[in-house]
Structure formats: C-alpha cells, structure tokens
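Peer 1: Could you work out the structure for the sequence below:
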Amino acid sequence: LDSPSKNSYIGSYYQPPDRILAMPRQLEFPARTSTSVDPQMGSPQLSLAQNNLDSRAVVDALKTLQQKIRQLELERKRAEKSYRAEQFSHSAQNHHQQATASHMVAGQLAAKQESKLQGVEARCKVLEKQLDYMRKMVENAKKERNALVENQVVQNAINLKKQNAKLAILEEKLLKEEHERQLVQEKAEQVSSVICLWLRIDFYLPSFVQSTSPSHSVHANVQSILHMMKHHQPQLCERVTALHRSGSGIKKNLQKDFTLSLGSLSDLLLALQDELGQMSFEHQELVSQIDGAQHREQREDLQRELERLVAKMEEKGVQITKLRKHQKTIHDLTRSQPCTEEPTTKKLNGFKPAAHSPLKAKQKGKKGGTTMSNLQLLRETQKFRNSLTQADVFWET
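Peer 2: Okay, here's the model as predicted:
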C-alpha cells in the first residue's frame, strides 16, 4: 500500500490520491478579435472550443496516464529489482548464516579436536615426566648397585689383603717352625742318644742300698723300677724284665723303645706340618676361586669356607706349638742331665761291688733320682702322644 504510486496524478487502483496535482500546462486558446460577437451567433463556436478543450484535456490526461504507466512500469521494475535484491540478500544472508553455522560447527569440531589434542599433549607430557622419573630411578638404582658392587669389591680386596697378610705370616711361621723342627730333630737325636745311654747306665749300676743284707739286693731295686714302669707302659715292663735277664738285650730294647717314642713325636709333628702346608695350598685355591667368582652367593660361600679353613689352620698351629713346647721341655730336661760317658763305661767294664758308705749311698740316690726323672719324662711323652689322637690328624678334603 505504501507504494510510490499512491500520490501519483491518477492515484492508485485501491486508494485515490491524497491530493490532485495542478494542471501541467494551460490550454492555449486562439486570440479573440476585437470585434464583439453576438452571443447568440457565437454559441456554436464556444461549444466547439469547449469540445476542443475537452479533447485536449483528454489527450493530456492520456499522456499523463501514459507517463504514469511508464512510471508504474519503472516502479514495477525497480520493485522487482529490489525484490530480487532482497531475495538475493536474503539468500546471501541465509547462505552466510549457513556458512556461519557450518563455520561455527567446524569451529566447535576444531575446538573439540583441539581440546582432545591438548588432552593428548598433556598426557604425553605426563608420560614423558613419568619416563624421565623412571629413567632417573633406573639410573639411581644402577648407581646404587655399582656403589654396592664397588664397596663389596673394596671389602673383598681388604679381606683378601688381610688373608694374604695372615697367610704370609703363617708361611713365615711355617718356615721358622720348619727350621726349628730340623733343629729339634737334631737335638732330639742327641737327647735320645743321651737318654738311652743314661738308661743303660742306670740299669747296670749297683743297688743303691746302705746295707749288705740279702733283702737289699740289686734284683729287689730293679723290681721296684719295673713296678714303676708298669704304670707307664706294659710292653716296656716286659722288655725291662727281659733286660733284667740279659744285659745286652736290655740295652737294645730300651734304646729302641725310647727311639720309637721320640720318632713318633717327630712323625706326628711332621704330619701336622704337612697338613698345615696342605691347608695353606687349599687357602690359596680358595682365594683364587673367590677372585674368579661372579655370583655374590658363591663368593659368600667361599668366604665362609675360607674362614673355616683359617680356623682349622689356627687350631693346627696351636697343636704344633704345644708339640714343640713339649719337645722343648724334653730338651730342657735332657740338657740339665750330666753327659759323662767315659766314667760310666769304665765302671761297666770293671764292675765290682764296692764297700757301702754313706757317700756312695748319696751318689747312688742321685742316680736313682735321675732314673725316676727319665721315667717321668717317658710318661709325659706317652700322655702327650695319647692326647693327640689319630682323629686330630687327617687330610682336609
């Protein structure tokens, strides 16, 4: 309704115009003559002029109508153009809205994808941090293990040095003891010869009595000596009885018996020393096995075995020390005895019962005391030999 044709000259079809425009131009009439015309005579002319005016007005109206029609056509075209423009703008707007909506949807999808990507990146960062933490933990564990291994190696090296030092000390002691053993053997041979000589002399000495009655005979004194020796060793008693029957047999048997006693001590000492040497060889093998061991448990087992071996070596060392002390005691006892052989041989060659005097009785009493000391020495030797039983001497396997 609010179209541009509302206020046109002829108005709209639905609504008349609000105002009527003035005539576009005035009608031109021909100039009248100055002569007057008779009104009655001039009425047909006036009607004709009036008709001309009406026709002209109609023509003008038609022209105006044509112009209005042209304007309406133009307005219609403009309206169509505007409508098309509006449709195009509306379609463009719709397209823009659709594009905006699609862009918004794409933006939302992109935002979702970006949020997912950010979440994945955050998880990747967390995993990287965890990986770094695990890597640090592994490195720290490796460092701690290497430190423990180094400490164990250092401790093993220290223990090995200590054991090598102990082994060197034991080897040095072993060499010294070997040298001392050789010296002791030499001295034991000398002592055995001296003791055998004194035993032979004591059995051939006259009876150390103060009277000459038959009850104080040499046979009675020898029987008393045999009684004392029976408490020591029965075989020796039998041999001494045979010695009482035959002088030469007595000398040989006693000398052989005492030599066997000292020889058994020497053999026992040699066995202990050989066993200690075997233990030292096993000690070296265990040390080499500990150095070459790769597992910790195997190394600990070898170390415990090495400690047990060292304890056994110390026990053997104590036994060897006791045996040497006993040999030293024998050596001291035999050294305190006199070693005069020539007067005794003279007495044996020219033996005669002399007159019994108090001085000779004292001398014979001293000789009897020497015999008792020799018998006591034999008893101590036998006791020590029995104390070192065969179970104490065995080869380590």
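Peer 1: Helices along the stretch 1-150 of the chain, start to end?
Peer 2: Assigned by DSSP state H, counting those that start in this stretch, the stretch 1-150 of the chain shows helices spanning 39-204.
Peer 1: Low-confidence ranges, the chain, go.
Peer 2: Across the chain, the ranges flagged by pLDDT under 70 are 1-45, 188, 191-265, 331, 334-397.
Peer 1: ok, now with 80
Peer 2: For the chain, the stretches flagged by pLDDT under 80 are 1-54, 181, 184-185, 187-274, 276-277, 323-324, 326-397.
Peer 1: distance of residue 290 from residue 149?
Peer 2: In this view, residue 290 and residue 149 are 15 Å apart by Cβ to Cβ, to the nearest Å. Placement of C-beta: from N, CA and C, glycine included.
Peer 1: Which one's more surrounded, those two?
Peer 2: Neighbours around residue 290 and residue 149, counted as other Cβ atoms under 10 Å, are more numerous at residue 290. The numbers are 20 against 11.
Peer 1: List the residues that contact that one.
Peer 2: With contact taken as Cβ atoms under 8 Å, 6 or more residues apart in numbering, residue 290 is in contact with 156, 160, 299, 302, 303, 306.
Peer 1: Just the buried ones from those residues?
Peer 2: In the contacts of residue 290, burial by neighbour count holds for 160, 299, 302, 303, 306, counting by 16 or more other Cβ atoms under 10 Å.
Peer 1: wait, isn't the first one in contact with residue 291?
Peer 2: Yes. Between residue 160 and residue 291 a contact is recorded at 7.3 Å, counting by Cβ atoms under 8 Å.
Peer 1: Tell me the one among the contacts of residue 290 nearest to residue 184.
Peer 2: residue 306 (31.0 Å; Cβ to Cβ).
Peer 1: give the contact list for the closest residue in space to the closest one that isn't next to it in sequence.
Peer 2: Closest residue to residue 306 apart from its sequence neighbours, by Cβ to Cβ, 6 or more residues apart in numbering: residue 286 at 4.6 Å. Taking Cβ under 8 Å, 6+ apart as the criterion, residue 286 is in contact with 302, 305, 306, 309.
Peer 1: Would you reformat those residues as TSV and include secondary structure and distance to residue 137?
Peer 2: Shown next, in TSV, are the contacts of residue 286 (DSSP: H, G, I helix; E, B strand; the rest coil; distance: Cβ to Cβ, whole Å):
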residue	secondary structure	distance to residue 137
302	helix	33
305	helix	37
306	helix	37
309	helix	42
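Peer 1: hmm, which two among these are most spread apart?
Peer 2: Farthest pair in the contacts of residue 286 (Cβ to Cβ) is 302 and 309. Separation: 10.2 Å.
Peer 1: follow-up on the earlier one: dump the buried ones among the contacts of residue 290 into TSV; add distance to residue 278 as well.
Peer 2: Listed next are the buried ones among the contacts of residue 290 as TSV, based on distance: Cβ to Cβ, whole Å:
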residue	distance to residue 278
160	21
299	23
302	18
303	20
306	15
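Peer 1: Pick the one among those closest to residue 84.
Peer 2: Each of these was scored against residue 84 by Cβ to Cβ, and residue 299 proved nearest at 101.4 Å.
Peer 1: roughly how far apart are the closest one and residue 73?
Peer 2: Relative to residue 73, residue 299 is positioned 117 Å away (Cβ to Cβ).
Peer 1: How about residue 135?
Peer 2: 88 Å.
Peer 1: again with residue 152
Peer 2: Applying Cβ to Cβ, the value for residue 152 to residue 73 is 113 Å.
Peer 1: What of residue 112?
Peer 2: Distance, residue 112 to residue 73, using Cβ to Cβ: 56 Å.
Peer 1: Same question for residue 323.
Peer 2: Taking Cβ to Cβ, one finds residue 323 at 153 Å from residue 73.
Peer 1: what about the two, which has more around it?
Peer 2: residue 323 (21 against 10).
Peer 1: In which helix or strand does that one reside?
Peer 2: helix 296-336 (DSSP states H and E).
Peer 1: Next, the angle helix 39-204 makes with that helix.
Peer 2: On the basis of axes from the mean of the first three to the mean of the last three Cα atoms, to 10 degrees, helix 296-336 is oriented at 20 degrees to helix 39-204.
Peer 1: list the helices and strands helix 296-336 packs on?
Peer 2: Secondary-structure packing of helix 296-336 (3 or more Cβ pairs under 8 Å, 6 or more residues apart in numbering; DSSP states H and E): helix 39-204, helix 247-292, helix 358-387.
Peer 1: All set now, cheers.
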